[in-house]
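Participant: from the sequence below, what's the structure:
(2 chains)
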Amino acid sequence: MSNQSDPPMIRFDNVVKRFGDNTVLDGFTCRMAPGEFVTLIGPSGSGKTTILRLVMTLERVTDGLIEIDGSPLSHMHRGGKLVPADEKHLAGVRTRIGMVFQQFNLFPNMTVLRNITEAPVRVLGLTPAEADERARDLLDLVGLADKADEHPSRLSGGQQQRVAIARALAMRPDVLLLDEVTSALDPELVAGVLGLLGHIADTTDITFLCVTHEMGFARDVSDRVLMFDHGRVIEDAPPERLFTDPREERTREFLQAVVGRT
Amino acid sequence: MTWDWQFAANSVPLILQGLLVTLQITVLGSLVAYTLGLVFALVRRARIPVVDQLLFLFIEFVRSTPLLVQIFVLYYVFPSAFGIRMSAFVTGVIAIGVHYACYTSEVYRAGIDAVPKGQWEAATALSLPRRRVWTSVILPQAVPRVLPALGNYTISMFKETPLLLAIGVVDLVNAAKAAGNESYRFVEVYTIAGLLFLLLSYPASLLVRRLERRVEPV
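Facilitator: Got it, this is the predicted structure:
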């Protein structure tokens, strides 16, 4: 749980993202406190995933500024001015950010263990023994201690996503981005992965930014829910308020459509 | 025309010496084609201005002109034009290797493109350095997929080595010709040469086909 008056872990200041003529994000401004769990909901194409991709530096902002823990992410200081970040700057800041993808994106050529140890060894400079220990602890956490030496193709979707979560956590990120992490899973595997994420959110001080269609999950774990439509936030409220008493007609329609579908 | 078993048997040692040369050129040419092709593919992917266009032109030039002409240019033009003088054997390895590198670079490109975008994104999300992304994530996935195609090019190179006869390399066919010249009998020597090509090419192509079934196609 968090307090809005804390200095923000993530700050979006009037962020605009266009792909050609298509404006995907239209002036997004928001602060996320350390440890806060923020869920982004809204129809597809409304700009939610783009926000995660911007924070992960997989995309560059068209306009506006993103800050992580007070230092610019999308930009950097040069000669007293803020200029768009170069690759070197991005490489420096993105180590604090982790992401779990819809399609898991595990490295199929590596064992589960090496999927988790590769970045801590190559990026954080851990010794193989340290990385190994960290990875095995995380595999314990996600309930896959016995799968360390398997290749990802031998695991179910739910197991692969657990490994992907462990892989992201092994970097000890300050911010963890969850991009529809259960959308590619068989229905019976969804609850397990969401339960795991809820547990991690409860027991760490990681700041979460989550895009999901699982409204029950959003309601249970979020500190705040942002409703998106056409690249803009149209409602920003605690889940208990947003889900029971949405102020915007568009939010109400969306929630009805989503609940009606499931 | 009769088949002279004695003559055939006598010719075999000489022809086998030629086969050894053919195999050496095939193996060394393949090594050049495999490594240089990968370098070409990586350089082209980096999209460095000017370098990219020059390399594109070079590759197109090599692919659009006959290997035989390239062999002649390397052997007869390079010494006078650039002062680069190489033995016929080395010329052969370089000509065949570079020629096929222009084809294998395309194979590597397809293999690299076939690695899903999500792999790059996951590697970025983990902050893996660029070089490490290539060596740990992308190439280990791309290269196994292109092995069958590379194998096919090796078989092609094996069958193209007789072109080096034009600059006097004593390969399998040239050795057969030399053996025949001594007594003006050619049926035996060329038959043996042909059989040797078949004996090596066919099992090799079966091997490639088995490999194709084991890896995901590009």
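Participant: all helices for chain A, in order.
Facilitator: In chain A, the helices defined using DSSP state H lie at A:48-55, A:87-93, A:112-122, A:128-141, A:157-169, A:187-203, A:215-221, A:239-244, A:249-261.
Participant: list the contacts of the last one.
Facilitator: Contacts to helix A:249-261, defined as Cβ atoms under 8 Å, 6 or more residues apart in numbering or on different chains, come from residues A:Ile41, A:Gly42, A:Pro43, A:His213, A:Met215, A:Met227, A:Asp229, A:Ile234, A:Glu235, A:Leu242, A:Phe243, A:Pro246. Every residue, glycine included, has its C-beta placed from N, CA and C.
Participant: confirm that B:Ala204 sits in a strand.
Facilitator: No. Counting by DSSP: H, G, I helix; E, B strand; the rest coil, B:Ala204 is not found in a strand; it is helix.
Participant: and the helices of chain A as CSV, adding mean neighbour count, mean pLDDT and distance to A:Leu106?
Facilitator: Below are these laid out as CSV (neighbours: other Cβ atoms under 10 Å in any protein chain shown; pLDDT from 0 to 100; distance: least, Cβ to Cβ, whole Å):
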stretch, mean neighbour count, mean pLDDT, distance to A:Leu106
helix A:48-55, 23, 94, 18
helix A:87-93, 15, 86, 22
helix A:112-122, 23, 97, 5
helix A:128-141, 17, 97, 13
helix A:157-169, 24, 96, 6
helix A:187-203, 16, 93, 14
helix A:215-221, 18, 93, 22
helix A:239-244, 16, 94, 31
helix A:249-261, 13, 85, 29
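Participant: which parts of chain A sit against chain B?
Facilitator: Contact residues (Cβ under 8 Å from any Cβ of the partner chain) of chain A with chain B: A:56-58, A:91, A:94-95, A:97-99, A:101, A:103, A:105-110, A:118-119, A:122-123, A:164, A:167-168, A:171.
Participant: which of the residues you listed fall within strands?
Facilitator: Counting by DSSP state E, the residues of chain A next to chain B place A:Ile97, A:Gly98, A:Met99 in strands.
Participant: near chain A, which residues of chain B are found?
Facilitator: Going by Cβ under 8 Å from any Cβ, the residues of chain B near chain A are B:116, B:118-119, B:121-129, B:132, B:136-137, B:140-141.
Participant: show the buried residues in these.
Facilitator: B:119, B:121-128, B:132, B:136-137, B:141 (16 or more other Cβ atoms under 10 Å in any protein chain shown).
Participant: pLDDT weak spots in chain B?
Facilitator: Applying pLDDT under 70 to chain B picks out residues B:1, B:216-218.
Participant: helices of that one, start to end?
Facilitator: For chain B, the helices defined by DSSP H occupy B:5-46, B:51-64, B:67-72, B:78-82, B:88-113, B:117-125, B:130-132, B:139-160, B:172-181, B:187-214.
Participant: so for the last one, what gets flagged as buried?
Facilitator: By that I understand helix B:187-214. Neighbour counts using 16+ other Cβ under 10 Å place B:Glu188, B:Val189, B:Tyr190, B:Ile192, B:Ala193, B:Leu196, B:Phe197, B:Leu200, B:Ala204, B:Val208, B:Leu211, B:Glu212 of helix B:187-214 among the buried residues.
Participant: and the gap between the third one and B:Val170?
Facilitator: Translated: B:Tyr190. Look at B:Tyr190 and B:Val170: by Cβ to Cβ, to the nearest Å, they are 15 Å apart.
Participant: which two in the buried ones among the residues of chain B next to chain A are spaced the farthest apart?
Facilitator: Within these, B:Ser127 and B:Gln141 form the most distant pair, 19.5 Å apart (Cβ to Cβ).
Participant: correct me if wrong: A:Gly198 contacts A:Arg219.
Facilitator: No. Using Cβ atoms under 8 Å as the test, A:Gly198 is too far from A:Arg219 to be in contact (11.2 Å).
Participant: so A:Arg60 sits against A:Leu73, correct?
Facilitator: No. Using Cβ under 8 Å, A:Arg60 is not in contact with A:Leu73; the gap is 10.4 Å.
Participant: just send the helices of chain B back as CSV, with distance to A:Asn14 too.
Facilitator: CSV is the format used below for the helices of chain B (distance: least, Cβ to Cβ, whole Å):
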stretch, distance to A:Asn14
helix B:5-46, 34
helix B:51-64, 37
helix B:67-72, 59
helix B:78-82, 60
helix B:88-113, 37
helix B:117-125, 25
helix B:130-132, 31
helix B:139-160, 40
helix B:172-181, 72
helix B:187-214, 53
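Participant: looking at those, which is nearest to A:Ser153?
Facilitator: Nearest of the helices of chain B (Cβ to Cβ): helix B:139-160, 11.9 Å.
Participant: just how off-centre is the closest one within its chain?
Facilitator: In terms of Cα atoms, centre = their mean, to the nearest Å, the centre of helix B:139-160 is found 9 Å from the chain centre.
Participant: equivalent analysis for stretch B:197-211, please.
Facilitator: Offset of stretch B:197-211 from its chain centre (Cα atoms, centre = their mean): 15 Å.
Participant: for that stretch, give me every contacting residue.
Facilitator: By Cβ under 8 Å, 6+ apart, stretch B:197-211 touches B:Leu147, B:Pro148, B:Gly151, B:Asn152, B:Thr154, B:Ile155, B:Phe158, B:Lys159, B:Leu172.
Participant: cool, and stretch B:75-88?
Facilitator: So stretch B:75-88 is in contact with B:Leu74, B:Thr91, B:Ile94, B:Ala95, B:Leu164, B:Ile167, B:Gly168, B:Val169, going by Cβ under 8 Å, 6+ apart.
Participant: closest to A:His77 out of the buried ones among the residues of chain B next to chain A?
Facilitator: Nearest to A:His77 among these, with distances taken as Cβ to Cβ, is B:Ser127, at 20.7 Å.
Participant: now do the contacts for that closest one.
Facilitator: Contact partners of B:Ser127, counting by Cβ under 8 Å, 6+ apart, are A:Ala91, A:Arg94, A:Thr95, A:Ala119, A:Val123, A:Met171.
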